[in-house]
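> Fold the following, please.
(one chain, ligands or ions: 2)
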Amino acid sequence: MQINIIIAGPRGKMGSEAVRMVHNEEAFELVACIDRKNGGKTLKDIETLPALDVPVFEDPEQCFQEIDADVFIDLTVPEVGFEHTKLALLYDIRPVVGTSGFTKEQIDALEDLSITHGTGCIIAPNFAVGAVLMMQFAKTAANYLPDVEIIEKHHDQKLDAPSGTAVKTAELIRETRESKQQGHPDEQETLDGARGADKDGIHIHSVRLPGLMAHQEVVFGGPGQTLTIKHDSFNRASFMEGVKLSVNKVMTLDKLVYGLENILE
Ligand SMILES: NC(=O)C1=CN([C@@H]2O[C@H](COP(=O)(O)OP(=O)(O)OC[C@H]3O[C@@H](n4cnc5c(N)ncnc54)[C@H](OP(=O)(O)O)[C@@H]3O)[C@@H](O)[C@H]2O)C=CC1
Ligand SMILES: O=C(O)C1=N[C@H](C(=O)O)C[C@H](O)C1
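Ligands and ions are numbered 1, 2, ... in the order given. Predicted structure coming up:
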């Protein structure tokens, strides 16, 4: 069976990688792209993208109305990605969302919509299998070492902080351990932000530097010991197997799944 796919954000770092992956995959067909700057063109008119006769739309609704698609991949920014995903669900086109930065309320709203429409949807904070394992190992470790902090490090072009992966990691750890205050009860920040963000007592520190790609360390501490669980993505190819898996899997779903760990076999 051939899966017809629309991609939003084709000129982006992830979007352009996804365009190439979809184009090279025999069972996938790229049928359209959504790009705020190139409406009315085709991909071959856009420098740096493969020379494909694929139509580009600026208006997502027009794209979903006119194009017969099975799956919609969003790799943009959270505000726009949320609207795209909502719209795709309204048109019964199954979203695979890599865009990070959605709030819990937004994810809940999309879940409701996917259930109402009986349309599958996958939101994956991280498509890299190694990152999913890192999060799962961290969840297990928190059973034994409940004091934990997260250090996520990304390239300096990243717009959202903390990363979607760090938020998801904290949520998974929270399933294992109670919310707890960490560090000295009387500790005080003499410089705002010194202790990072605080999610249910788990501190998240976001580093942004040129030279980095996507990296995370989950550091646990216990009496006389620490445990560090670390994952590194060195390029965006690391995410493409997860995108491929999600596209295939979303075809079999009738509701939203949040996190690749829920579809890995
Ligand atoms: N789940 C995962 O495994 C991964 C997720 N990500 C996430 O994917 C998203 C994209 O990342 P990345 O490719 O690195 O980012 P880029 O900045 O390289 O690409 C973002 C794309 O979105 C477009 N865009 C930005 N603002 C708007 C807007 N207001 N309306 C329409 N389009 C817009 C950009 O177009 P323009 O050039 O016009 O601004 C660009 O094409 C991020 O949220 C990132 O966190 C990234 C890596 C892995
Ligand atoms: O922007 C990125 O690059 C990445 N974003 C995702 C996130 O926010 O966790 C996934 C990965 O870390 C790369």
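> so what's residue 122 up against?
Contacts for residue 122 (C-beta atoms under 8 Å, 6 or more residues apart in numbering) come out as 95, 96, 97, 246, 249, 250, 253, 256, 257, 258, 260, 263. Where you see a C-beta, it was placed from the backbone N, CA and C, and this is true even at glycine.
> so the last one touches residue 251, yeah?
No. In this structure, residue 263 sits apart from residue 251 without contact. The criterion is C-beta atoms under 8 Å, and the distance is 11.4 Å.
> quick one: which of these two has more around it?
Under the neighbour definition other C-beta atoms under 10 Å, residue 263 and residue 251 were set side by side, and residue 263 has more, 18 against 13.
> Helices of the stretch 101-250 of the chain, start to end?
104-117, 129-141, 164-176, 237-250 (DSSP state H, counting those that start in this stretch).
> Compare those and give me the one nearest residue 8.
helix 237-250 (13.2 Å; C-beta to C-beta).
> Strands along the stretch 151-265 of the chain, start to end?
197-199, 202-208, 214-222, 225-233, 256-258 (DSSP state E, counting those that start in this stretch).
> what's the most buried one of these?
strand 256-258 (a mean of 21; mean count of other C-beta atoms under 10 Å).
> Just name whatever secondary elements it is in contact with.
helix 104-117, strand 121-123 (3 or more C-beta pairs under 8 Å, 6 or more residues apart in numbering; DSSP states H and E).
> so what strands line up beside that strand?
strand 121-123 (parallel) (DSSP bridges).
> State the mean pLDDT of the partner strand.
Taken as a whole, strand 121-123 has an average pLDDT of 98.
> With stretch 5-14 instead?
Mean pLDDT, computed over stretch 5-14, is 98.
> Straight-line length of stretch 191-201, end to end?
19 Å (C-alpha to C-alpha, to the nearest Å).
> and if you look at stretch 23-33?
12 Å.
> what comes into contact with it?
1-8, 10, 15, 19, 21-22, 43, 50, 52, 54-57, 63, 67-69, 244, 247-248.
> State the pLDDT value of the nearest residue to residue 100 once chain neighbours are set aside.
Leaving aside its chain neighbours, residue 100 sits nearest to residue 164 (2.9 Å; criterion: C-beta to C-beta, 6 or more residues apart in numbering). According to the prediction, residue 164 has pLDDT 97.
> Would you mind saying which of the strands of the stretch 151-265 of the chain lies nearest ligand 1?
Minimum separation from ligand 1 across the strands of the stretch 151-265 of the chain (C-beta to the nearest ligand atom) falls at strand 214-222, 6.3 Å.
> outside of that closest one, which residues touch it?
Residues contacting strand 214-222 (C-beta under 8 Å, 6+ apart): 126, 128, 131, 134, 138, 141-142, 144-145, 147-155, 163, 165-166, 169, 173, 226-233, 238.
> dump the residue contacts of the residue in the stretch 101-250 of the chain that ligand 1 sits nearest to.
For the stretch 101-250 of the chain and ligand 1, the shortest gap (C-beta to the nearest ligand atom) falls at residue 127, measuring 3.6 Å. Going by C-beta under 8 Å, 6+ apart, residue 127 touches 98, 238, 239, 240, 241, 242, 243, 246, 260.
> Pull the contacting residues for the first one.
Residues in contact with residue 98 (C-beta under 8 Å, 6+ apart) are 14, 18, 73, 74, 75, 124, 127, 239, 243.
> If we use 7 Å, what do you get?
The neighbourhood of residue 98, defined by C-beta atoms under 7 Å, 6 or more residues apart in numbering, consists of 14, 74, 75, 124, 127, 243.
> cool, the fourth one as well?
Taking C-beta under 7 Å, 6+ apart as the definition of contact, the neighbours of residue 240 are 17, 21.
> Could you check which helix or strand contains the residue in the stretch 1-150 of the chain that ligand 2 sits nearest to?
The minimum distance from the stretch 1-150 of the chain to ligand 2, using C-beta to the nearest ligand atom, falls at residue 100 (3.3 Å). In the assignment (DSSP states H and E), residue 100 maps to no helix and no strand.
> Thank you, goodbye.
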